[in-house]
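1. all I have is the shape, not the residue letters:
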Ligand SMILES: [Zn+2]
């Protein structure tokens, strides 16, 4: 008796259930059902999730493993520019048959539901301090402007006129006289 219509993350396992050794592979593309992640970067709702999933029938249930590829978007933690980050994470979980000891994941109605598994794998992989580039110089503390990668200090610093005057000042005539004049012997 199945009244619920399976969602996109629910994969049928009826044909391999209780047949240890049987295996099925699925390639899926599913839009993210909602925004995943609460930090500076997150996977936006409807962002495509590319899933490669392997379902293996084992004695205790269905072993689910695979990878998910998607893109997280947000802002650099230092300079706040918009950034995109590729996300590729692996996941693996045993979906136990109902009736066995309690498990976070169960085979239900001849299906395994990957949504929580995939969401947790993605959210846990998102960086807390994302940067647009490893050596992002961040923001100028004075102006709040984004610093460029080469903070150009190429301008010649003009010599302060007060120091320029000192450069022409001969400190002590006595010193000059004390120095022995070089005489060339011919
Ligand atoms: Zn940055």
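-> That came through, no problem. Worth saying up front: this structure is predicted, and the values here are computed from it rather than measured. Numbering: from 1, shown residues only.
2. in this structure, which spans are strands?
-> 10-12, 23-31, 41-42, 48-57, 61-75, 82-96, 111-113 (DSSP state E).
3. longest helix in this protein, please.
-> In the chain, taking DSSP state H as the definition, the longest helix is helix 115-125.
4. for that helix, buried residues please.
-> Buried residues in helix 115-125, counted by 16 or more other CB atoms under 10 Å: 117-119, 121-123, 125. Any C-beta I mention is one placed from the backbone N, CA and C, and that applies to glycine too.
5. ok, now stretch 74-88?
-> 74, 76-79, 83, 85, 87.
6. quick check, nearest of those to residue 25?
-> Residue 25 lies nearest to residue 87 out of those, by CB to CB, at 21.2 Å.
7. pretty sure that closest one is touching residue 123, no?
-> No. Using CB atoms under 8 Å, residue 87 makes no contact with residue 123, being 10.0 Å away.
8. center of this protein, which residue is that?
-> Residue closest to the average C-alpha location in the chain (CA atoms, centre = their mean): residue 127, at 4.4 Å.
9. in the sheet, who's paired with the closest residue to that residue other than its chain neighbours?
-> In this structure, residue 127 finds its nearest non-sequential neighbour in residue 41, 6.6 Å apart by CB to CB, 6 or more residues apart in numbering. Assessed by DSSP bridges, residue 41 has beta-bridge partners residue 74.
10. which residues touch residue 41?
-> Shown in contact with residue 41 (CB atoms under 8 Å, 6 or more residues apart in numbering): 72-75, 83, 85, 126-127, 130.
11. can you tell me which of those residues lies closest to residue 108?
-> Nearest to residue 108 among the contacts of residue 41, with distances taken as CB to CB, is residue 126, at 28.2 Å.
12. what's the local residue count around the closest one?
-> Residues within reach of residue 126, counting by other CB atoms under 10 Å, total 20.
13. can you give me the pLDDT of the nearest residue in space to residue 138 that is not next to it in sequence?
-> Residue nearest to residue 138 in three dimensions, not counting chain neighbours: residue 78, with 3.8 Å by CB to CB, 6+ apart. Note for residue 78: predicted pLDDT of 94.
14. contacting residues around residue 78?
-> 131-132, 136-139.
15. ok, of those residues, which come out buried?
-> 131-132, 136, 139.
16. tell me, which of these make contact with the ion?
-> Among the buried ones among the contacts of residue 78, the residues within reach of the ion (CB under 5 Å from the ion) are 132, 136.
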